[in-house]
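> make a model of this:
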Amino acid sequence: MALSPKGRRGFTAGALALTAALALAACGSDGGSGTTSASAPAEAGGVKLVHPGKLTVCTNIPYEPFQFKDDSGKIVGFDVDIVDLAAKKLGVTQDIVDIDFAVIKSGAAMATGKCDVAAAGMTITPERQQNIDFSVPYFDATQALLAKKGTGAKSLDDVKAKGLKLGAQASTTGLDYVKKAGFDPTEYADSAKELLALQAGQADVIVQDLPVVLTWLKKPEIAEKYEMIASLDTGEQYGIGLKKNADPVLLKTINDEITKAKSDGTYEQIFVKWFGKKPGELG
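Now for the predicted structure:
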């Protein structure tokens, strides 16, 4: 991911979306701070919601600083604060459901009524747009390479030349990027498992969104042994995901609140809160 106000996580359509949708319809709720029910949709500012009085949001944690659990167990982060803008405008509270990212990016989570929207550091891609409607972009992102110190690598070319073991998070744009560059990385289910693989020596280098890597490196135990060796300017942008042919009022509310926040300084305040720098200063 590149950090200016431009991703993460990469593809799946058609059959996978249908399979995931059927699976979700057959099962109950996933773990997370939210719960599901068969309640009739509620009205909030003219918007039909999955649960009365709540804007139900699907995400995949941990993905610090976008969404993660704080010391009290509450899910917080940049994405949470962005979605809160729309929730407050609608006069409802945000309820977060933690589920597998593959189910989110396929569009099945929204199509089956698991949630109203998805905020999961999700890059807008043509493949995903086949099954998901996206808000206006709310974050410019790029990828980065994190390696144990002493590898001598400074680029993907160096990783290949030195025969270093590369790891990536499954179902992400970072994975797609390195595959297109000719790599066959080991895939890990989430960012936490990916980092653990690096720490355990299962991978010498991992690819992950730049802001996630920078957040990891704020921790002394990580910074002591690991370093960012390169950033990969992939030109990605995050969007809030909604089901295909989304409620136009809900989509407009989200778009309007993001646009307003960028013009009145609220977006910059949220950005500085979670990244410690202003938009455009991270990379």
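> which ones are touching residue 78?
65-67, 139, 270-271, 273-275 (CB atoms under 8 Å, 6 or more residues apart in numbering). Quick note: C-beta positions are derived from backbone N, CA and C, even for glycine.
> may I ask which of those residues has the most neighbours?
residue 66 (30 neighbours; other CB atoms under 10 Å).
> what sits against residue 148?
Counting by CB under 8 Å, 6+ apart, residue 148 has contacts 198, 201, 204, 225-227.
> tell me the mean pLDDT for stretch 143-162?
Average pLDDT, stretch 143-162: 96.
> again but with stretch 190-209, I slipped
For stretch 190-209, the per-residue pLDDT averages 96.
> repeat for stretch 99-116
The model assigns stretch 99-116 a mean pLDDT of 94.
> gap between it and the chain center?
13 Å (CA atoms, centre = their mean, to the nearest Å).
> give the bridge partners for the residue nearest to residue 104 when sequence neighbours are not counted, please.
Using CB to CB, 6 or more residues apart in numbering and skipping the chain neighbours, the partner closest in space to residue 104 is residue 118 (4.7 Å). Going by DSSP bridges, residue 118 is paired in beta bridges with residue 58, residue 241.
> count the neighbours of residue 118 for me.
If we define neighbours as other CB under 10 Å, then residue 118 has 30 of them.
> wait, what's in contact with it?
57-59, 104, 109-110, 132, 240-242.
> dump those residues into TSV; add distance to residue 146 as well.
Formatted as TSV, the contacts of residue 118 follow (distance: CB to CB, whole Å):
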residue	distance to residue 146
57	28
58	27
59	22
104	24
109	29
110	31
132	29
240	27
241	26
242	32
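> for these, which one is nearest residue 221?
Ranked by distance to residue 221 (CB to CB), the contacts of residue 118 are led by residue 59 at 25.8 Å.
> pLDDT score for that closest one?
Residue 59 is given a pLDDT of 97.
> relative to residue 78, how far out is it?
Residue 59 sits 11 Å away from residue 78, going by CB to CB, to the nearest Å.
> excluding covalently adjacent residues, which one is nearest to residue 62?
residue 68 (4.3 Å).
> look up which residues are beta-bridged to that neighbour.
Residues in beta-bridge contact with residue 68 (DSSP bridges): residue 76.
> which of the contacts of residue 78 fall in strands?
Judged by DSSP state E, the subset of these located in strands is residue 139.
> may I ask which two of the contacts of residue 78 are separated the most?
The most distant members of the contacts of residue 78, if one measures by CB to CB, are 67 and 271, lying 15.1 Å apart.
> hang on, the earlier thing: for the contacts of residue 118, which single residue is the most surrounded?
residue 109 (34 neighbours).
> all the helices of the stretch 51-200 of the chain, residue numbers only.
78-90, 101-105, 108-111, 126-129, 156-161, 173-180, 191-199 (DSSP state H, counting those that start in this stretch).
> reformat those helices as CSV; add distance to residue 260.
Output for the helices of the stretch 51-200 of the chain, formatted as CSV (distance: least, CB to CB, whole Å):
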stretch, distance to residue 260
helix 78-90, 8
helix 101-105, 26
helix 108-111, 24
helix 126-129, 24
helix 156-161, 39
helix 173-180, 28
helix 191-199, 30
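> which one of these lies nearest to residue 233?
helix 173-180 (10.5 Å).
> report the angle between the closest one and helix 191-199.
Put simply, helix 173-180 runs at 50 degrees to helix 191-199, going by axes from the mean of the first three to the mean of the last three CA atoms, to 10 degrees.
> quick one on the thing from earlier: and for residue 59 and residue 78, which residues touch both?
Looking at what touches both residue 59 and residue 78 (by CB under 8 Å, 6+ apart), the common residues are residue 67.
> element containing the closest residue to residue 167 other than its chain neighbours, please.
Closest residue in space to residue 167, ignoring its immediate chain neighbours: residue 203 at 3.3 Å, by CB to CB, 6+ apart. Assigned by DSSP states H and E, residue 203 falls within no helix or strand.
> residue 203 against residue 178, yeah?
No. Using CB atoms under 8 Å as the test, residue 203 is too far from residue 178 to be in contact (11.8 Å).
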